[in-house]
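In: output the structure for:
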Amino acid sequence: MTTAWKQPTFASAIYYRDPLAALDWLEKAFGFKRQFVVYGPEGKLAHSEMRLEGGLVMICGSWPGMPYTSPADVEGKNTQSVHVQLQSGIDEHCRHALAAGARVVREIADQFYGDRVYVVSDPEGHVWSFGQTVREVTREEAEQASGFRIDGWI
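Out: This is a model prediction of the structure:
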């Protein structure tokens, strides 16, 4: 199969009660673009892929017998979150997401490692974080600012 898109090394699959509504909301709130959508019998979403700034996320519905579910089905619990690293426009991106109904988990703020980050949840309770590098920081500066010991600084 030939494709103009180079698949990323890995991607996350997010499960929703209403995956078609999730596709619409993720486009509106976060700016994701539908790249690939497969419909099964009776128009039910079988599989989809959305892209943003070179990243990929799969949006799926629940399947009988599979161990996946929406946080909405388990009292809002999450065992993962999705992080998206933006190249620019983090403040506007945050304002846009909040206007679309994203719920604040952590307010937008500069971090000791040089990124500006905000964390929100979507209508079914999945947690999404967005960051943008706003300044270059050395390992030593990050350790001093945070009080943490850091190994493996790039």
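
In: and the chain, what are its domains?
Out: The chain resolves into domains spanning 10-63, 80-154 when parsed by automatic domain parsing.

In: I'd say Leu52 and His83 touch.
Out: No: under the criterion of Cβ atoms under 8 Å, Leu52 is not in contact with His83, lying 11.7 Å apart. Where C-beta positions appear, they are placed from N, C-alpha and C, glycine not excepted.

In: run through the bridge partners of Lys33.
Out: Taking DSSP bridges as the rule, Lys33 bridges to Arg51.

In: which of Leu52 and His83 has more neighbours?
Out: Between Leu52 and His83, counted using other Cβ atoms under 10 Å, the more crowded position is Leu52 (18 against 14).

In: so how far is Pro64 from the more buried one?
Out: Applying Cβ to Cβ, to the nearest Å, one obtains 30 Å for the distance of Leu52 from Pro64.

In: show me what contacts Gly125?
Out: 70-72, 76, 78 (Cβ atoms under 8 Å, 6 or more residues apart in numbering).

In: may I ask which of the residues you listed has the most neighbours?
Out: In the contacts of Gly125, the most neighbours by other Cβ under 10 Å go to Ser70, 22 neighbours.

In: would you list the phi and psi of that residue?
Out: Ser70 adopts backbone torsions of phi -90, psi 150, taken as degrees, to the nearest 10.

In: ok, it touching Tyr15?
Out: Yes: between Ser70 and Tyr15 a contact is recorded at 5.6 Å, counting by Cβ under 8 Å.

In: need the overlap of contacts for these two.
Out: The contact sets of Ser70 and Tyr15 overlap at Ser62 (Cβ under 8 Å, 6+ apart).

In: restricting to C-alpha, output stretch 38-56 in CSV.
Out: Output of stretch 38-56 as CSV, limited to C-alpha atoms (Å, rounded to 0.1, in the frame of the first residue of the first chain):
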residue,chain,number,x,y,z
VAL,A,38,-14.1,3.3,8.4
TYR,A,39,-17.8,2.6,8.9
GLY,A,40,-19.2,-0.8,9.6
PRO,A,41,-22.7,-2.1,9.4
GLU,A,42,-25.5,0.4,10.0
GLY,A,43,-23.1,3.3,9.9
LYS,A,44,-21.3,2.4,13.1
LEU,A,45,-17.7,3.7,13.3
ALA,A,46,-15.3,0.7,12.9
HIS,A,47,-12.0,2.7,13.0
SER,A,48,-10.8,6.2,12.5
GLU,A,49,-7.5,8.1,12.5
MET,A,50,-7.0,11.8,13.2
ARG,A,51,-3.9,13.9,12.7
LEU,A,52,-2.4,17.0,14.2
GLU,A,53,1.1,18.4,13.6
GLY,A,54,2.5,15.1,12.5
GLY,A,55,0.9,13.1,15.2
LEU,A,56,-1.8,10.4,14.9
